[in-house]
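Engineer: Quick one, fold the following:
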Amino acid sequence: MVTQRSQRRHRGDISVSLSDFSVSLCASFSFKMSLINLKDKTIKKIVKLLYGIPLLPASYGKMFYQNIKIMKNSLRIFIILIFAAAMIAFSESRDINGKVLDEQGLPLAGVSVSVKGAPTGTITDLKGNYRITVDVNDKVLVFSFAGYSTVEVKIGEKSLINVIMKPEVISTDEMMVIGYGAKKEIASQVSPALAAVAYESKPYFQRYNRNFNTEGYAPVNENGFRDVKNNPLSTFSIDVDNASYSNIRRFINGGQLPPADAVRIEEMINYFKYDYPEPKGEHPFSVYTEVAACPWNQKHQLLQIGLRGKSIDKTSLPSSNLVFLIDVSGSMNSPSKLPLLKSAFGLLVNELRAQDHVALVVYAGAAGLVLESTPGNKKELIMHAIHDLEAGGSTAGGAGLRLAYKEAEKNFIKGGNNRIILATDGDFNVGESSNGGMERLVEEKRELGVFITVLGFGMGNIKDDKMEIIADKGNGNYSYIDNLQEARRVLVREFGGTLFTIAKDVKFQLEFNPAKVESYRLIGYENRLLNDEDFNDDTKDAGEMGSGHMVTALYEIVPAGSGEKLPSVDPLKYQVSRNVREENYSDELLTIKVRYKKPDGRTSMLLEKPVKDSADDIEKVSGNLRFAAAVAEFGMILRESEFKGSSTLESAARLAQSAKGEDEEGYRGELIRMINVVKDMRLLNDR
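Structural biologist: A predicted model of the protein is given here:
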């Protein structure tokens with residue numbers, strides 16, 4: 001007798017299991033009687049295909065039972081094999097690869113690629129490449145990216161799916177928009193980036209609006225030109241932070257220009273790698289220089305100075321005593337904050353070794369120790385503690401920092417890498433929370449020999465100024481994490497530079513030759529300037545340099561005898577003007593001096609290098625100077641700098657393209673895409 005029960009289906013699949021059928025063998029006279037219960041019609045079809053006969057009800061008599069007798073010894077084996085094959089077929093998965101580009105053929109990094117109606121997803125890398133695993137039930141891939149129209153592609157039998165994404169277009173009919181002019185109604189089709197742009201006789205652009213945004217940025221007052229005869233020395237601290245660039249990228253990808261004070265040109269330049277020589281000899285870094293005609297003012301020269309820190313293989317790095325200090329306050333409760341933070345720290349935990357140790361401190365309304373210092377090879381335990389974190393409450397950032405320093409001191413490794421990794425939006429509002437309070441706290445604690453890395457997350461309320469202060473004054477570095485690819489760059493690709501210091505309190509001092517230079521301007525580093533006497537004062541704090549880190553500075557130079565009128569001071573009444581010594585130095589443009597301390601040292605060491613007066617056309621110099629100049633040009637345009645000269649987005653893109661090189665990691669191509677995005681959105685009056 002055969003009985004058939006109701007069918008059960010899940011998303012179009014046919015569920016099959018061994019419990020769905022039973023075979024009972026009963027003795028009856030001279031032959032065995034079989035009872036087969038099948039829950040699914042699929043088994044009937046499979047058996048029919050295998051034996052060429054249908055399964056018939058028992059009432060059909062002797063013929064049916066003879067068929068069953070023939071089948072009885074092999075049926076069980078075939079059913080099991082069929083079940084296994086069916087399960088493999090129904091659960092079979094495969095990888096789909098592809099590339100996501102914009103309309104100009106440039107790769108889009110950070111594009112979300114997901115399976116429609118399923119939790120499966122990934123993001124594109126810096127070259128626009130992705131890989132995602134799908135199963136037979138997945139029908140559609142969804143590609144989404146801020147500022148671009150979402151794309152849906154049917155999977156079918158494809159294993160390669162390339163996508164071109166177009167800027168999103170929305171209607172602004174009857175929309176009242178505000179630019180840097182009068183309000184005006186616009187009835188047109190524009191991208192979201194232009195939805196708040198007013199047009200009159202020339203294009204205007206939208207910057208972030210403080211009325212709807214509480215993000216905090218320290219004011220940047222651009223360096224002006226300094227007369228060499230009265231100011232022959234230029235002194236500043238290095239800065240390896242690069243948070244400004246990724247934050248600018250976040251604004252542009254979201255269809256907005258960043259606020260001017262968010263644009264720190266030195267951090268934009270230092271985001272990129274350059275072809276500087278590996279250091280040799282006693283010093284932990286090399287010094288690189290190059291001079292060319294200035295691309296935005298042909299009468300001026302552009303000087304590039306580069307430092308390259310000694311690279312140390314991950315396996316050779318000393319043991320690490322790390323304290324993860326994570327903000328779990330209510331302000332972190334958004335997808336770009338705590339969830340992204342957890343994924344980012346997962347990448348870092350994966351890099352830890354058995355000799356590394358991690359403690360986990362969190363803070364909201366109060367601070368607490370979630371995980372005691374734990375060996376790095378206990379990754380599941382560490383990740384479990386991180387994944388269980390939830391956001392809620394106020395933000396006692398000061399209390400969190402104090403507890404983190406206490407844990408770092410408690411587990412201090414002499415000769416090791418002792419570091420706090422602070423992840424936050426910087427929006428402290430309980431206890432010590434002011435910028436001045438944070439500065440005093442970290443200055444007090446930095447003498448412990450504990451360094452700090454600050455990772456900024458989120459948008460709308462990030463306190464960039466506070467996070468920059470904590471990093472600068474706490475012997476550390478600061479990065480802004482806008483997506484998982486940036487987290488990978490900071491915490492995986494640049495693991496040594498981010499977490500291991502090779503030199504601290506690194507300072508520059510340049511002495512310009514007045515016979516060759518009339519005036520000069522340091523581009524960027526406005527918040528890193530030092531008094532000239534601070535250079536030889538070992539008690540003065542300066543920037544830290546990590547393994548493999550690169551630091552770049554640009555000076556715009558006005559050659560002597562140019563005849564340009566620049567701001568000056570009256571002749572001194574009580575002193576005689578300095579005499580110029582030309583003997584033996586007639587071919588020198590300037591001299592570079594660098595002071596630094598070893599990570600555990602208290603006395604600085606000195607490195608000195610003269611620079612010859614030799615400037616080529618910008619087209620003839622190396623890709624190092626051309627690309628750095630392009631980044632500076634773009635930064636000055638974003639800042640609307642009074643010193644931008646003849647800079648245009650077209651010239652910046654052209655110069656960057658000429659110096660793109662192999663660009664294996666795709667970062668330079670990304671900059672070019674950003675310049676073109678700003679240009680194509682018509683956000684700037686580029687003439």
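Engineer: And stretch 444-455, end to end?
Structural biologist: 21 Å (C-alpha to C-alpha, to the nearest Å).
Engineer: go on, stretch 521-539?
Structural biologist: Using C-alpha to C-alpha, first and last residues of stretch 521-539 are 27 Å apart.
Engineer: tell me the mean pLDDT for that stretch?
Structural biologist: Stretch 521-539 carries an average pLDDT of 97.
Engineer: Buried by neighbour count: which residues of that stretch qualify?
Structural biologist: For stretch 521-539, the buried set under the neighbour-count rule, 16 or more other C-beta atoms under 10 Å, comprises 521-528, 530, 534-535. C-beta: built from backbone N, CA, C; applies to glycine.
Engineer: quick one: residue 603 and residue 539 touch, right?
Structural biologist: No. In this structure residue 603 lies outside contact range of residue 539 using C-beta atoms under 8 Å: 11.1 Å.
Engineer: which regions of the stretch 1-150 of the chain sit below the pLDDT cut-off?
Structural biologist: By pLDDT under 70, the low-scoring segments of the stretch 1-150 of the chain are 1-92, 126, 146-147.
Engineer: One more pass at 90, please.
Structural biologist: Scanning the stretch 1-150 of the chain for pLDDT under 90 picks out 1-94, 102-114, 117-128, 133, 135-137, 144-150.
Engineer: Kindly report the same for the stretch 151-300 of the chain.
Structural biologist: Those would be 157, 166-215, 229-230, 253-256, 281, if you go by pLDDT under 90 across the stretch 151-300 of the chain.
Engineer: give me the number of residues near the closest residue to residue 292 other than its chain neighbours?
Structural biologist: If the residues on either side of it in the chain are set aside, residue 292 comes closest to residue 621, at 4.3 Å by C-beta to C-beta, 6 or more residues apart in numbering. A count of nearby residues for residue 621, using other C-beta atoms under 10 Å, gives 19.
Engineer: Local confidence estimate at residue 621?
Structural biologist: On the pLDDT scale, residue 621 gets 96.
Engineer: hang on, it packs against residue 289?
Structural biologist: No. Using C-beta under 8 Å, residue 621 is not in contact with residue 289; the gap is 11.3 Å.
Engineer: quick one, helices of the stretch 251-400 of the chain?
Structural biologist: Secondary structure of the stretch 251-400 of the chain by DSSP state H, counting those that start in this stretch: the helices cover 265-270, 338-351, 379-387, 397-410.
Engineer: winner for burial among these?
Structural biologist: Highest mean neighbour count of the helices of the stretch 251-400 of the chain: helix 265-270, a mean of 26 (counted as mean count of other C-beta atoms under 10 Å).
Engineer: what does that helix contact?
Structural biologist: 239-245, 248, 523-525, 528, 550-554, 628, 631-632, 634-636, 639 (C-beta atoms under 8 Å, 6 or more residues apart in numbering).
Engineer: Just send the buried residues of stretch 521-539 back as JSON lines, with distance to residue 455 and secondary structure too.
Structural biologist: Converted to JSON lines, the buried residues of stretch 521-539 look like this (distance: C-beta to C-beta, whole Å; DSSP: H, G, I helix; E, B strand; the rest coil):
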{"residue": "521", "distance to residue 455": "32", "secondary structure": "strand"}
{"residue": "522", "distance to residue 455": "28", "secondary structure": "strand"}
{"residue": "523", "distance to residue 455": "26", "secondary structure": "strand"}
{"residue": "524", "distance to residue 455": "22", "secondary structure": "coil"}
{"residue": "525", "distance to residue 455": "22", "secondary structure": "coil"}
{"residue": "526", "distance to residue 455": "23", "secondary structure": "helix"}
{"residue": "527", "distance to residue 455": "19", "secondary structure": "helix"}
{"residue": "528", "distance to residue 455": "20", "secondary structure": "helix"}
{"residue": "530", "distance to residue 455": "27", "secondary structure": "coil"}
{"residue": "534", "distance to residue 455": "29", "secondary structure": "helix"}
{"residue": "535", "distance to residue 455": "31", "secondary structure": "helix"}
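Engineer: Adding distance to residue 394, write the residues you listed out as a markdown table.
Structural biologist: Formatted as a markdown table, the buried residues of stretch 521-539 follow (distance: C-beta to C-beta, whole Å):
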| residue | distance to residue 394 |
| --- | --- |
| 521 | 44 |
| 522 | 40 |
| 523 | 40 |
| 524 | 35 |
| 525 | 35 |
| 526 | 33 |
| 527 | 29 |
| 528 | 33 |
| 530 | 37 |
| 534 | 38 |
| 535 | 42 |
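Engineer: Pick out whichever of those sits closest to residue 470.
Structural biologist: residue 527 (13.4 Å; C-beta to C-beta).
Engineer: Am I right that the closest one is in contact with residue 220?
Structural biologist: Yes. Using C-beta under 8 Å, residue 527 makes contact with residue 220 at a distance of 7.1 Å.
Engineer: Need the overlap of contacts for those two.
Structural biologist: residue 264.
Engineer: Spell out for me which residue occupies the centre of this protein.
Structural biologist: Using C-alpha atoms, centre = their mean, the residue of the chain that lies closest to the mean C-alpha position is residue 486, 2.0 Å off.
Engineer: tell me the phi and psi of it?
Structural biologist: Here is the backbone geometry of residue 486 (degrees, to the nearest 10): phi -70, psi -40.
Engineer: For the closest residue to it other than its chain neighbours, list the residues it contacts.
Structural biologist: Take residue 486 and drop its neighbours on the chain: the residue closest to it by C-beta to C-beta, 6+ apart is residue 246, 5.2 Å away. Contacts of residue 246 were listed using C-beta under 8 Å, 6+ apart, and they are 271, 479-482, 486.
Engineer: Okay, and the beta partners of residue 375?
Structural biologist: Residue 375 has these beta-bridge partners by DSSP bridges: residue 357.
Engineer: Show the end-to-end separation of stretch 532-552, please.
Structural biologist: 20 Å.
Engineer: From the chain's centroid, how far away is stretch 155-165?
Structural biologist: The chain centroid and the centroid of stretch 155-165 are separated by 27 Å under C-alpha atoms, centre = their mean, to the nearest Å.
Engineer: picking up where we left off before, which among the contacts of residue 246 count as buried?
Structural biologist: For those, buried by 16+ other C-beta under 10 Å: 271, 479-482, 486.
Engineer: Of those residues, just say which sits nearest to residue 495.
Structural biologist: Looking across those and measuring by C-beta to C-beta, the closest to residue 495 is residue 479, at 12.4 Å.
Engineer: Could you name the specific helix or strand carrying the closest one?
Structural biologist: strand 476-480 (DSSP states H and E).
Engineer: cool, and residue 514?
Structural biologist: Going by DSSP H and E, residue 514 is not in any helix or strand.
Engineer: Tell me how many other residues crowd residue 216.
Structural biologist: Neighbours around residue 216, by other C-beta under 10 Å: 19.
Engineer: Specify the beta-bridge partners of it.
Structural biologist: Beta-bridge partners of residue 216, as defined by DSSP bridges: residue 463.
Engineer: May I have the residues that are in contact with it?
Structural biologist: 426, 462-466.
Engineer: Residue 125 falls within a strand, correct?
Structural biologist: No. According to DSSP: H, G, I helix; E, B strand; the rest coil, residue 125 belongs to no strand; its state is coil.
Engineer: Surely residue 570 is within a helix?
Structural biologist: No. Counting by three-state DSSP, residue 570 is located in no helix; its state is coil.
Engineer: And it, how far from residue 522?
Structural biologist: Using C-beta to C-beta, to the nearest Å, one gets 25 Å for the distance from residue 570 to residue 522.
Engineer: same thing with residue 670?
Structural biologist: 26 Å.
Engineer: Then residue 346?
Structural biologist: On the measure of C-beta to C-beta, residue 346 and residue 522 end up 40 Å apart.
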